[in-house]
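Visitor: Requesting a structural model of the entry that follows:
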Amino acid sequence: MQTNVMTNYNFWTTDKYFNEETKLELAEIKNDEAEIEERFYKELEFGTGGIRGIVGAGINRMNIYTVRKTTQGLANYIKKHGKMAIEKGVVIAYDPRHMSKEFTLETALVLAANGIRAYIFDDLRPTPELSFAVRYLGAVAGIVITASHNPPKYNGYKVYWQDGAQTTSENANGIIAEIDKIEDIRNVQTMGEEKAKQLGLLNIIGEEVDKEFIKAVKLQTLRSDMIRDMSNDFKVVFTPLHGTGNISVRRVLKEIGFKNVVVVPEQESPDPNFSTVAYPNPEEEDAYVVAIKLAQKENADIIIATDPDCDRIGVAVKEDSGEYTLLSGNQTGILLADYVLMTLKERNQMPPNATIIKTIVTSEMGAAIAKHYGVSILNTLTGFKYIGEKIKEFEKTSEYTFILGYEESYGYLVGTHARDKDAVVTAALICEMAAYHSLRGMTLRGALLNLYKKHGYYLEGLKAITLEGKKGIEKIKDTLDKLREEHPKEFGDRKVLAIEDYLLQKKYCFKTNCESLIELPKSNVIKFILEGEAWLCLRPSGTEPKIKIYCGVKEDSLQKSRAEVPKLIKSIMKHAKL
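Guide: From the prediction side, this is the model:
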């Protein structure tokens, strides 16, 4: 075992700075070298958005000490921006996970000790409301204590800047530099809760921000009259999957006119163990088992499910057979893009230079729909922070008008009230869209099939391979490095036409034997453009110990598309030995 691993372990088990609970937890693993190494071989890394890890003792775990250190780094970075930045303060929200409330208070007290005012919500709140609140309160930054849809053992700490979007490279690198300067964790500043309140450095927020957030969300709805006409006949089953979405989603649906919204009772209350699901992720079919039973009983038109911090949303639609099936993130995005653009065009409300934004691993069908309505489309790297960054850019340059942003991983935003994916506004628009098609005798599945007939049978697939621990990190890096060096010429029976290497920021075109610059930030992502409008892409997950393989095809039938996607994914897995 590395010397520094045991040095770190011994420090945490003996120094008086650490509480007895921490020392007892670490004493239980004193004979487990592998576990000690996992907890102490490296510090929990601050990525472009924050930190995320398993809750527990150690420098590579989420605990009050790693949270304090991260916050001290953030505080030092804020102080570098001057007195005005310090006075603006920081807004903090949290989800129902283990230690979320405790981490929130620790964060606030470190900020307070540094003279930075903290605003804490009085209870759980969705991530998009935090994004909204940062700008509404004029804060310099925001923090959400959440691990999104990760398993119960995880928690995290996401940082937002004053535009309401997650931190991107410039600010993240500045925060990381300040964290790295903290050589002794015992030097992190903190203060008592009562003192912080007395000094006006710890403030509780609630109903005022809630009201304004819901008001902003409601402004994005498009057909309020139609909702009122359909409200008695259209039924929605909703599950917040034990997370933060229950109050906000139900409130907005009620206020825009949906009367028949039935909440899954077993999943209504916050639960850090997410006890009714193996994985609280609306991307997973298993997350809908309880909701589907209720929907069948209620004869509901659709099911919607939000993840624990309510920034992602999934939809299950009722088929002609009476069964409920899950739409993919790409399919929901396609339907939303078509519905919003169609409505704006019908009403002559399409703004000049209108654009939608998607990520590089999101379906290319969005481009076909945008073209159909005469709207621009832009690509960003994976991560909604890059979409938020574009919204900020458009406000400065007026080059484009943002309409909608989405990514295949069930994240969507319509409007600019938030600068992150927002399952609250998306819930409202999905229900509105489904009611609109229902009024015309069509389910969302039927509407999707019509889009396929019009634009082509685009289909996508995703294979996520879990590679945990130190060895997993090395395997992910080696896999991408090898593909980068090899430049494969084919996958399956399709030739590689071009390679987009986002780490080197270059595109290699084999047909013309030329290189061009990719004008996006550096990221360890490789995308292969294949014959026949197909593509493959590999990237490490930014939030989980996984390597992700994405695939997209376009065929002249859904049957052909369904056959091609797994074949291509299998081909690259075999090539990469995954």
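Visitor: Lys527 belongs to a helix?
Guide: No. Assignment of Lys527 by DSSP: H, G, I helix; E, B strand; the rest coil gives strand, placing it outside any helix.
Visitor: Any regions of the stretch 51-200 of the chain where pLDDT drops low?
Guide: Applying pLDDT under 70 to the stretch 51-200 of the chain flags no residue at all.
Visitor: And the helices in it?
Guide: With DSSP state H, counting those that start in this stretch as the criterion, the stretch 51-200 of the chain has helices at 64-79, 83-88, 100-113, 127-136, 169-180, 193-198.
Visitor: Which among these is found nearest to Ala434?
Guide: helix 127-136 (20.6 Å; C-beta to C-beta). From N, CA and C alone the C-beta is placed, and that goes for glycine too.
Visitor: how close does the residue nearest to Gly461 when sequence neighbours are not counted sit to Glu407?
Guide: Leaving out its chain neighbours, the residue that sits closest to Gly461 by C-beta to C-beta, 6 or more residues apart in numbering is Val565, at 3.9 Å. Taking C-beta to C-beta, to the nearest Å as the measure, Val565 falls 18 Å from Glu407.
Visitor: More neighbours: the two, which one.
Guide: More neighbours surround Glu407 than the other of Val565 and Glu407, with 25 against 20 (other C-beta atoms under 10 Å).
Visitor: Identify the residues contacting the more buried one.
Guide: 329, 333, 358-359, 361-362, 382-384, 387, 421 (C-beta atoms under 8 Å, 6 or more residues apart in numbering).
Visitor: Please flag which of those residues sit within helices.
Guide: Secondary structure defined by DSSP state H assigns 329, 333, 384, 387 of the contacts of Glu407 to helices.
Visitor: Looking at these, point me to the pair that's furthest apart.
Guide: By the measure C-beta to C-beta, Gly329 and Ile387 form the most distant pair in the ones in helices among the contacts of Glu407, at 14.2 Å.
Visitor: These two: who's more crowded?
Guide: Set Gly329 next to Ile387 and count neighbours by other C-beta under 10 Å: Ile387 wins out with 28 against 25.
Visitor: Report the contact partners of the closest residue to the more buried one other than its chain neighbours.
Guide: Spatial nearest neighbour of Ile387, excluding adjacent residues (C-beta to C-beta, 6+ apart): Gly405 at 4.0 Å. Contacts for Gly405 (C-beta under 8 Å, 6+ apart) come out as 356-358, 384, 387, 390-391, 412-413, 421.
Visitor: The residue lying closest to Tyr324 once chain neighbours are set aside: neighbouring residues, count only.
Guide: Leaving aside its chain neighbours, Tyr324 sits nearest to Ala316 (4.5 Å; criterion: C-beta to C-beta, 6+ apart). Applying other C-beta under 10 Å, we find 25 residues neighbouring Ala316.
Visitor: What residues of the one helix or strand the residue nearest to Gly461 maps to count as buried?
Guide: Using DSSP states H and E, Val565 sits within helix 558-576. Judged by neighbour count (16 or more other C-beta atoms under 10 Å), helix 558-576 contains these buried residues: 561, 564-565, 568-569, 571-572, 575-576.
Visitor: Now whatever helix or strand Tyr406 lives in - C-alpha only, CSV.
Guide: Assessed by DSSP H and E, Tyr406 sits inside strand 401-407. Output of strand 401-407 as CSV, limited to C-alpha atoms (Å, rounded to 0.1, in the frame of the first residue of the first chain):
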residue,chain,number,x,y,z
THR,A,401,-32.8,33.5,-29.5
PHE,A,402,-32.9,30.4,-27.3
ILE,A,403,-36.0,28.3,-27.6
LEU,A,404,-35.2,24.9,-26.2
GLY,A,405,-32.2,22.9,-25.0
TYR,A,406,-32.1,19.2,-24.4
GLU,A,407,-29.9,16.2,-24.0
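Visitor: partners of it, with directions?
Guide: Sheet pairing here is set by DSSP bridges, and for strand 401-407 it gives strand 354-359 (parallel), strand 411-414 (antiparallel).
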